[in-house]
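Chemist: sequence? don't have it. structure:
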């Protein structure tokens, strides 16, 4: 692959850095007038001179963080409004593998069945539970009223409101009405001093894919040993012209863009905490660690089998499950039996690393790394307080990014998180069930999914029964996140010729 | 102490592929040879950079059946007193039947992602005769071949296969019909007994059926005596 593969000027910034802003606003807009919506998009182009513009991936002058960052994505329904159906069909025809699931949308029944958006998580229940729905009409069950998604990052709530107002002020009027109106808005604020802590209490966002041939932005990443196997950049940044990505074909509109699943996930902390304390043989902190694969402070079980102080640097990310990585600390054990980290644990399911016995896992075999996802998700809602009234809404909101949704987000959800048969061989009593942080859906009749089992030091298994659903999907969209030039095409209502 | 199986999740279900693929006239023998080699390759896939190793559990294939028929002919061995397999005019026919575990897409992707097998699948595409399918259709054999083959188009390849698949990929092998509207009866004696479960739970499975496979000699079976030679 060429060192010039990544054009930082043309890539949206959050594809390669997390920004580390603590206060975020997630906005979904409904298009009322396509001409005005295109003008709004044109205003968002860097250099347009408008009050706000999309943040690209170029280095910040002097490494000084800007006052805000802003990124954008489009649903297929939104793209149809902006570039017309025939042009969408033309792009689809030349980008089938990338576009097909996106075109059907997150509410597609087949997709929902695969990724567990059923029961209370079904599309018919989306967008209203959490608060933040602003349209006068009820949400369309297929998501046809959701068109443009914007993520606004700011350093404090006042700045967030300030820049949001500026953003809204950029919306052109058409026939006396705004061309776009907010359909759904949700703020995200830290729930603990450490902004990476989520409502279930875990420190999150530790293991993100490291993109091959992409300049690193964090100083710490350049000076500390980092055992993460680089993931080919084309897994996250679509290159539409160079024949470097044999895994898919892409129309020119997609160049330097990518796709994402936007997820609004309610987290039932009370129910989760109740399960943690349900097994008399398992202390709650150990239960939490075994279910996740990390202690609450982020230390992975294969490096810190016993709770310890937080590991420094990349020590909490330098590890494998079978062959220890170069700088792995701790016991450096072959965890083929899942004795340290259960197969069922969330981090092992969502990224099995070098465990080639996991179905479909090619992470050990560069340059494949087919099933990786970049997470840009943060908590919403107030911190949980024991004894609080029922019904308080909180959870995780944000984007799960990957160039090919079927191989990345959808594969991980359908094959590793939400279904059994995760690994072979697997001698655990419930064959590792499903991801315990998600838990069993009401109508899931598989008894193996109703418990979480972990292997003890004597080789027997502790069986934690009564596993129920802890996460409910309250909203979901599949988005195209264009490159800057792609956004320019969209703002003109046009597409490149190839 | 185990309990009787009363629920079988999708990844544990056995499904059927029953495909009638129109292929170019004069290619039926090569087609059967090619799919036979594919089947053998799946049993011999090596580890490391050459392949993912033992893919029996991930492919979940219990049985497979391949049959080729020349254009504008009917089966001759035996000649049945009723119509059976038939070709499209001017095209050979490749019949593929398989029983496999789990859903269709992961079953196929387990093959597509093995380079040696992908080459064979591309060959099958190259001899497919889709005179009635728009070559600009992303799921057509012509389009897939012209745009990187099955590796670059796995989802389109799934749809290509489904175009010729008589079987219902959502219908599991079951002890009794799962629906009053299912289009055929598909019974299985051991629902939930996946290839993975066999390898894991049958005593000495990996010794009895090692990977790569050991050669097996089959004794002569006997057909019923029906009064002729």
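Modeler: Now that the structure is in, tell me what you want to look at. Being a predicted model, the structure only gives us computed values, none of them experimental.
Chemist: so what's the residue count around residue A:201?
Modeler: By other Cβ atoms under 10 Å in any protein chain shown, the residues close to residue A:201 number 20. Quick note: C-beta positions are derived from backbone N, CA and C, even for glycine.
Chemist: okay, it and residue A:435: tell me how far apart.
Modeler: Separation of residue A:201 from residue A:435 (Cβ to Cβ, to the nearest Å): 17 Å.
Chemist: who's in contact with residue 91?
Modeler: Using chain A. A:99, A:251, A:253, A:254, A:495 (Cβ atoms under 8 Å, 6 or more residues apart in numbering or on different chains).
Chemist: chain B is the one I meant
Modeler: Here residue B:91 is in contact with B:22, B:23, B:24, B:25, B:71, B:129, B:131 (criterion: Cβ under 8 Å, 6+ apart).
Chemist: and the residues you listed, which two are furthest apart?
Modeler: B:71 and B:131 (12.5 Å; Cβ to Cβ).
Chemist: helices and strands around the longest helix along chain B, which ones?
Modeler: For chain B, the longest helix by residue count, based on DSSP state H, is helix B:28-44. For helix B:28-44, the elements it packs on are helix B:56-59, strand B:61-69, strand B:92-101, helix B:115-127, judged by 3 or more Cβ pairs under 8 Å, 6 or more residues apart in numbering or on different chains; DSSP states H and E.
Chemist: how far does the first one sit from the chain's center?
Modeler: Taking the mean C-alpha point of helix B:56-59 and that of its whole chain, the gap between them comes to 13 Å (Cα atoms, centre = their mean, to the nearest Å).
Chemist: likewise the last one?
Modeler: Relative to the mean C-alpha coordinate of its chain, helix B:115-127 is positioned 14 Å out (Cα atoms, centre = their mean).
Chemist: any residues touching it, and which ones?
Modeler: Contacts of helix B:115-127 (Cβ under 8 Å, 6+ apart): B:21, B:23-24, B:27, B:30-31, B:34-35, B:37-38, B:41-42, B:45, B:50-51, B:94, B:111-112, B:141, B:144-145, B:149-151, B:157, B:160.
Chemist: so among those residues, which ones count as buried?
Modeler: For these, a burial check counting by 16 or more other Cβ atoms under 10 Å in any protein chain shown picks out B:21, B:23-24, B:27, B:30-31, B:34-35, B:38, B:41-42, B:45, B:51, B:94, B:111-112, B:141, B:144-145, B:149-151, B:157, B:160.
Chemist: picking up where we left off before, which of the helices and strands packed on helix B:28-44 sits most buried?
Modeler: Of the helices and strands packed on helix B:28-44, the one with the most neighbours on average (mean count of other Cβ atoms under 10 Å in any protein chain shown) is helix B:56-59, at a mean of 24.
Chemist: let me see the mean pLDDT of that one.
Modeler: For helix B:56-59, mean pLDDT is 85.
Chemist: show me the residues around the residue nearest the centre of chain B that make contact.
Modeler: With distances taken as Cα atoms, centre = their mean, the residue of chain B nearest its centroid is residue B:98 (3.8 Å). For residue B:98, the contact set (Cβ under 8 Å, 6+ apart) comprises B:16, B:17, B:61, B:62, B:63, B:64, B:65.
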